[in-house]
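Novice: coords please:
(one chain, ligands or ions: 2)
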Amino acid sequence: YAPRAGCPLCTVASAPNPPALATPRVSCAHASGDPAPPQIIWKDDNVTAYVETNNPVSSKGHVIIALNLHVPSIYAFSSADIPLLVHIQSLGIHLLRSLDPASSSPPLRLSPAVPTTLQPPRCPEPFRIGFITPPFRDSKIPITDHVHAHAFIGPPHLAGWFRGVAYSSLAWYSIDDLIAEIRESTSNNRVKSSYPSSDHTTPTARPIDFVPSAGARSGGADGAEALVHPIPLP
Ligand SMILES: [Zn+2]
Ligand SMILES: [Zn+2]
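Specialist: Ligands and ions are numbered 1, 2, ... in the order given. Modelled structure (predicted):
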């Protein structure tokens, strides 16, 4: 995955140091109406995170966690990337806690020692961490083809209806679900018990609910099967 020229996230990811740690530079870019430079709050070998200050969807906090590599699609993820996804999930929770005024956790320290566990915690309410799946994207954030997670403290009340579609169940792929999907696709647990709805308001639906004949049988009430080739009894 080579950097793509002109990709805003490749530019951010290639910044040598978080600006907070670098020498403050005199700039009038913000005053002249240009977007403020990204406020990078995390950088490690795999990801770079910054606070979305120009067009956050929530006034409580909106962080973008970008892969350092220019990976164009979340569908490039495989089971080998589960540790990375779990890292993004843990990091997102950690960063949102550091932004959340309602949280009493200690302030963020720039350290790569984010605890990752084998079974990640579900993203706690009201935090939301996930990806916007193509062809949807956040119309206010000029990133097109560089994989990045959005982490914000819900609800996305600053997004209007049009932008809100990208954060609705139509386009939103929560990182919890993505991790579960990849795990499921590489394990024997084919039937998942439930899909938590991404916005936590609509009823949950299970994949098996979409198979009309799942669990159905044809036969008599006495147990006699009417199938052409019934499974022979011992
Ligand atoms: Zn890029
Ligand atoms: Zn986005």
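Novice: Run through the chain and note the low-pLDDT ranges.
Specialist: 17-36, 103-121, 188-218, 225-234 (pLDDT under 70).
Novice: Let's see that with 90 instead.
Specialist: The model of the chain has pLDDT under 90 over residues 1, 5-6, 11, 14-39, 100-123, 142-144, 183-234.
Novice: how close does the residue of it found nearest ligand 2 sit to ligand 1?
Specialist: Residue of the chain nearest ligand 2, by Cβ to the ion: Asp138 (4.4 Å). Heads up, the C-betas are built off the backbone N, CA and C, glycines and all. Using Cβ to the ion, to the nearest Å, Asp138 is found at 16 Å from ligand 1.
Novice: Repeat that for Pro155.
Specialist: For Pro155, the distance to ligand 1 - Cβ to the ion - is 29 Å.
Novice: re the thing from before, distance of the residue of the chain closest to ligand 2 from Asp45?
Specialist: For Asp138, the distance to Asp45 equals 26 Å [Cβ to Cβ, to the nearest Å].
Novice: So between the two, which is more surrounded?
Specialist: Asp138 (23 against 6; other Cβ atoms under 10 Å).
Novice: all helices for this protein, in order.
Specialist: Shown for the chain, the helices assigned by DSSP state H span residues 8-13, 82-99, 161-164, 175-185.
Novice: Give the buried residues for the longest one.
Specialist: Put plainly, it is helix 82-99. For helix 82-99, a neighbour-count test (16 or more other Cβ atoms under 10 Å) marks 82, 85-99 as buried.
Novice: Equivalent analysis for the last one, please.
Specialist: Residues of helix 175-185 classed as buried by neighbour count (16+ other Cβ under 10 Å): Ile175, Asp176, Asp177, Leu178, Ile179, Ala180, Ile182.
Novice: list the contacts for the closest residue to the fourth one other than its chain neighbours?
Specialist: Counting by Cβ to Cβ, 6 or more residues apart in numbering, the nearest residue to Leu178 once its immediate chain neighbours are dropped is Leu85, at 6.3 Å. Applying Cβ atoms under 8 Å, 6 or more residues apart in numbering, we find Leu85 in contact with Phe77, Ile175, Leu178, Ile179, Ile182.
Novice: Let's have these in JSON lines, adding distance to Pro37.
Specialist: Shown next, in JSON lines, are these (distance: Cβ to Cβ, whole Å):
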{"residue": "Phe77", "distance to Pro37": "29"}
{"residue": "Ile175", "distance to Pro37": "26"}
{"residue": "Leu178", "distance to Pro37": "30"}
{"residue": "Ile179", "distance to Pro37": "32"}
{"residue": "Ile182", "distance to Pro37": "34"}
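Novice: Specify which member of the residues you listed is nearest to Ser58.
Specialist: The shortest gap between Ser58 and any of those belongs to Ile175, at 16.8 Å (Cβ to Cβ).
Novice: Against Gly160, how distant is the closest one?
Specialist: 24 Å.
Novice: For the chain, what lies in contact range of ligand 1?
Specialist: Contact residues (Cβ under 5 Å from the ion) of the chain with ligand 1: Arg4, Cys7, Leu9, Cys10, His70, His146.
Novice: out of those, which is most surrounded?
Specialist: Counting by other Cβ under 10 Å, top hit in the residues of the chain next to ligand 1: Leu9 with 25 neighbours.
Novice: That one and His146 touch, don't they?
Specialist: Yes - at 4.1 Å, Leu9 counts as touching His146 under the criterion of Cβ atoms under 8 Å.
Novice: rewinding a little: quick check: the residue nearest to Leu178 vs Leu95, distance?
Specialist: Leu85 is 15 Å from Leu95, by Cβ to Cβ.
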